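J.: quick check, what structure comes out for this input:
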Amino acid sequence: MKLHNLFTPTLALPRQRGREYRVSGWELNRSIFVFLLAAWVSIAGGPVGQAQAQGKEKVPSHLTAIWEKAAINFQQGYYDEAISVYEKVIENGEYGDLVERAYFLLADCYFYKYRPSLASHFRSTIEAYQTAIHKYPYSAEVPKAYLQLGLLYQEMGYDYEALAYFNLVGKNYKNTPYIPYAHFYQGKICLSARQLDKAEGEFQKIISKFPQSKIIGEAYLGLIEVYIHRKSYEQAAQNLEKLLKLWPDAHQRWPVFLFFRGEAEMAARQYAPARADFLRYINITPNDDKDDLAIYKIAEAYEIEGKTHEAIKLYTFLTNFYPQSEGAVLARYRLIERIEWPDKTMQGGKVSFDARPYLDLIEKLQKYPLAEEAMARLALRYYEAGHAAESISWVQRFIERYPQSAYLASVLDVGQETLSSQARDLLSRRQYVEIINAYRKNDKIITGLKDGAFFYYLAGAFRELGVYDSAAHFYYQANKLGVKGEEGQRVLLDWADTAQRKSDYRTAGILLKRLISSPGTESILEKASGKLGQNYVLAGEWREGAHYLAWLVKKNPGKYMNPSLLYSWAYCTQRAGAEAQTRNILNTLTPLLGEKNDSDSLKTRIAELWVDLGDRQKEKRQFEAAIKDYRAALALAVPPEKRHGIHYKLADCYEALGKTAEAEVELTAITKTGDEFWKKVAQGRLQGIRLIVNVISQ
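T.: As a prediction, this is how the structure comes out:
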């Protein structure tokens, strides 16, 4: 059975199902929410708090009344009315202290208003808090906002981001009342992930460092749950006693107290008290979705005591009246003698199977003889059916539950294949962050990787996000482990591309040369050859680049006589000072350009080479040759913002040759464009030329 989300958007203990025991009842959620709101109002300067009272003299009375009315609407759940007031305060911009609080209160309104439909308004709520924090980073309300952001991310299933926000509160806001809450929610996330040591540490921090906290009771319950998961029932019982001393009515405040105590009593073979506690739990929480487990526990206690008749009655009652419940699953295995394994069938090339018999074996009967094998088989079945997320989930649970199993090696193989398949799919859909999250959440699977396919896709995600150091690291890991087939060649190709992007041209050159010298797919080798030429250009190794690119074209002109490679060759020769060779290459290259096949960017770069050649000719006072080069540049449909300068240089050349009419034509061409600066420059020069012509003619 899938683990349910641990948190609600309010600061309240989580609702959990099954063996993920929950604290039931809206009263608890409500009480903690009210505490948080009260704490924030009193410390951060809430709608009717102390901070407002200090600034009342500066705020008109009519605005104070509206503000206080907004506070009442907020507390009563009329969020639209409160939002309207806060937006007006922000828009008005006066009374800075009110504006500051309005930003944070507006975010809180979104938080509570959109609780029922958080998925649809998640981004807008996040942005509201981030805007407030960005505008007022030193506000007393910031730590509470960070805590709310953590809850939002956790509610949406982003535990990694949620932990980051909770940790931020815990580390940077020591003197606020939110510290114990930050520890508490970190502990609950760790508990759900079965990181029991970390969870215990967080709960212990609250108990030892914040004994007066309003959430101390919930911290004890979290700690008790940790001990129950560890089957450390004596420690669980000790903490139950401590909690009872603090709150003699603990079972009424938190009915789950009775359930936990019943578990501890069962472990201590105190069956009669255990049955009594489970029965009280049922009476206090009628129709609760964990009542079936309490009934099962009562039946189990009867069975252990040898009262089989009573036990069978309760087991049968569970299967009849709670057929879909966890207690019924457990009860059925007390009643049946044989389990028939389902046969798989093929549909559309994928395995179709009924997972329920596997789940019945796995979910609750951890010690059942077939549970271990069932979990291993279920992970494989989901992989065969193409359900990567489910397969990985079951692999993770298997590793955690059966670390010494004989099936472990085969289960790890399934997990690695599934993880790589999932990463490849996510990369194709450009879901880069999801790949990185998969890496962070599946360390136990990744530790034993036998090939580098997953690292290759992970490196690709980092490369697309522009995190080139991490990308290079994982390309190295992928190459070290080895990747099968054509993807093994692409590891080197993409690694070289990443090295180029981070200006590590030496590494890129080594990788490309290594790839070219090895047998492989023709298309990849061709790309590698082109990239090596480009690498010489980027590295500034003009002579080596010109020599290499000339060798490529001579070796196979049909393959390498393409505009991109010829441009790189011309660029190298131009930088090396070989003007004649550059001009010859450009004359060969220009006819190869097509409107659809070559981008305007390439044409512009080729035009720049022509202009540079023209400039060199102009410096040598070889104006006719310079004019030809400038004309070649203009013929490449140079963007308007670059054409002005070329026309101006042409005018220089014509004027130097005494061809004033041609110079006037070039300057007139400039005046017909939309660039005001160049218009003025051209018009001024035209007037000068015409003045000189008039003087000479007179």
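J.: for the record, mean pLDDT for whichever strand or helix holds Ile189?
T.: Ile189 is part of helix 179-192 when elements are defined by DSSP states H and E. The average pLDDT for helix 179-192 rounds to 90.
J.: name the residues that touch it?
T.: Helix 179-192 is contacted by residues 3, 6-7, 11, 13-14, 20, 36, 147, 150-151, 154, 159, 162-163, 166-167, 169-170, 173, 196, 198-203, 205-206, 209-210, 213, 215-216, 218-219, 222, 225-226, 229 when judged by Cβ atoms under 8 Å, 6 or more residues apart in numbering. C-beta coordinates here come from the backbone N, C-alpha and C atoms, glycine included.
J.: which residues are in contact with the closest residue to Ala268 other than its chain neighbours?
T.: Nearest residue to Ala268, sequence neighbours excluded (Cβ to Cβ, 6 or more residues apart in numbering): Tyr233, at 6.7 Å. The contact partners of Tyr233, by Cβ under 8 Å, 6+ apart, come to 227, 263-264, 267-268.
J.: please redo it, this time with the cut-off set to 10 Å
T.: 224, 227, 240, 260, 263-268 (Cβ atoms under 10 Å, 6 or more residues apart in numbering).
J.: so what's the predicted local confidence for the most centrally placed residue in the chain?
T.: In the chain, the centroid-proximal residue (Cα atoms, centre = their mean) is Val433; its distance is 3.8 Å. Turning to Val433, the model gives it a pLDDT of 88.
J.: mind listing what's buried in stretch 115-123?
T.: By 16 or more other Cβ atoms under 10 Å, the buried positions in stretch 115-123 come out as 121-122.
J.: I should have written stretch 128-137 there, sorry.
T.: Using 16+ other Cβ under 10 Å as the test for burial, stretch 128-137 gives 128-129, 132-133, 136.
J.: check stretch 415-432 too.
T.: By neighbour count on 16+ other Cβ under 10 Å, the buried set for stretch 415-432 is 415-424, 426-427, 432.
J.: and for stretch 466-482?
T.: Under the neighbour-count criterion of 16+ other Cβ under 10 Å, stretch 466-482 has 467-468, 470-479, 481 buried.
J.: so what touches it?
T.: Under the criterion Cβ under 10 Å, 6+ apart, residues 432, 436, 439, 446, 449-465, 487-488, 490-504, 507, 511 lie in contact with stretch 466-482.
J.: need the buried ones from the residues you listed selected in PyMOL.
T.: One line in PyMOL is enough to select the buried ones among these; burial here means 16+ other Cβ under 10 Å:
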select buried, resi 432+436+439+446+449+451+452+453+454+455+456+457+458+459+460+461+462+463+487+488+490+491+492+493+494+495+496+497+498+499+500+502+504+507+511
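J.: so which of the contacts of stretch 466-482 are in helices?
T.: 432, 436, 439, 446, 453-464, 487-488, 490-501, 507, 511 (DSSP state H).
J.: which stretches in the stretch 151-300 of the chain count as helices?
T.: Applying DSSP state H, counting those that start in this stretch to the stretch 151-300 of the chain gives helices spanning 159-172, 179-192, 196-209, 216-229, 233-246, 250-253, 256-267, 271-284, 291-304.
J.: export the second one as PDB, just CAs?
T.: Read it as helix 179-192. Taking Å, rounded to 0.1, in the frame of the first residue of the first chain, the C-alpha atoms of helix 179-192 are listed here in PDB:
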ATOM      1  CA  ILE A 179      12.100  26.400  15.800                       C
ATOM      2  CA  PRO A 180      10.300  23.400  17.400                       C
ATOM      3  CA  TYR A 181       7.900  23.300  14.500                       C
ATOM      4  CA  ALA A 182      10.800  23.200  12.000                       C
ATOM      5  CA  HIS A 183      12.300  20.200  13.900                       C
ATOM      6  CA  PHE A 184       8.900  18.500  14.200                       C
ATOM      7  CA  TYR A 185       8.200  18.500  10.500                       C
ATOM      8  CA  GLN A 186      11.700  17.500   9.600                       C
ATOM      9  CA  GLY A 187      11.200  14.600  12.000                       C
ATOM     10  CA  LYS A 188       7.900  13.600  10.400                       C
ATOM     11  CA  ILE A 189       9.500  13.600   6.900                       C
ATOM     12  CA  CYS A 190      12.300  11.500   8.100                       C
ATOM     13  CA  LEU A 191       9.900   9.200   9.800                       C
ATOM     14  CA  SER A 192       7.900   8.700   6.600                       C
END
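J.: per-residue pLDDT of the residue lying closest to Leu243 once chain neighbours are set aside, please?
T.: Spatial nearest neighbour of Leu243, chain neighbours left out: Tyr220 (4.4 Å); criterion: Cβ to Cβ, 6+ apart. Tyr220 carries a pLDDT score of 94 in this model.
J.: same question for the one 5 residues further on.
T.: Glu225 is assigned a pLDDT of 92 by the prediction.
J.: and the gap between it and Glu234?
T.: Glu225 is 15 Å from Glu234, where distance means Cβ to Cβ, to the nearest Å.
J.: the two - which one has more neighbours?
T.: Higher neighbour count among Glu225 and Glu234: Glu225, with 27 against 11, using other Cβ atoms under 10 Å.
J.: quick one: that one and Ala264 touch, right?
T.: No: counting by Cβ atoms under 10 Å, Glu225 stays clear of Ala264, with 11.6 Å between them.
J.: anything in contact with each of those two?
T.: Residues touching both Glu225 and Ala264 (Cβ under 10 Å, 6+ apart) are 236, 239.
J.: domain boundaries for the protein, per the record?
T.: Following automatic domain parsing, one gets these domains for the chain: 46-139, 639-698.
J.: pLDDT of the last one, averaged?
T.: Per-residue pLDDT over domain 639-698 has a mean of 79.
J.: kindly report the same for stretch 563-577.
T.: For stretch 563-577, the mean pLDDT works out to 84.
J.: for stretch 129-143, same thing?
T.: Across stretch 129-143, pLDDT averages out at 91.
J.: let's see which of the buried residues of stretch 466-482 end up in helices.
T.: Members of those lying in helices (criterion: DSSP H): 468, 470-479, 481.
J.: now, the most widely separated pair of these?
T.: The two members of these with the most space between them (Cβ to Cβ) are Tyr468 and Leu481, at 20.5 Å.
J.: return the set of buried residues in the helix or strand containing Trp67.
T.: Following DSSP H and E, one finds Trp67 within helix 61-76. By 16+ other Cβ under 10 Å, the buried positions in helix 61-76 come out as 63-64, 67, 70-71, 73-75.
J.: so for whichever helix or strand comes after that helix, mean pLDDT?
T.: Downstream of helix 61-76, the next assigned helix or strand under DSSP H and E is helix 79-92. Mean pLDDT, helix 79-92: 87.
J.: elements contacting helix 79-92?
T.: Counting contacts by 3 or more Cβ pairs under 10 Å, 6 or more residues apart in numbering; DSSP states H and E, helix 79-92 is packed against helix 61-76, helix 96-113, helix 118-135.
J.: now do that helix: distance to the chain's middle.
T.: Centre-to-centre, helix 79-92 and its host chain are 32 Å apart (Cα atoms, centre = their mean, to the nearest Å).
J.: related to what we said a few turns ago, dump the helices of the stretch 151-300 of the chain into JSON lines; add distance to Leu549 as well.
T.: Listed next are the helices of the stretch 151-300 of the chain as JSON lines, based on distance: least, Cβ to Cβ, whole Å:
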{"stretch": "helix 159-172", "distance to Leu549": "47"}
{"stretch": "helix 179-192", "distance to Leu549": "56"}
{"stretch": "helix 196-209", "distance to Leu549": "57"}
{"stretch": "helix 216-229", "distance to Leu549": "65"}
{"stretch": "helix 233-246", "distance to Leu549": "73"}
{"stretch": "helix 250-253", "distance to Leu549": "79"}
{"stretch": "helix 256-267", "distance to Leu549": "74"}
{"stretch": "helix 271-284", "distance to Leu549": "80"}
{"stretch": "helix 291-304", "distance to Leu549": "73"}
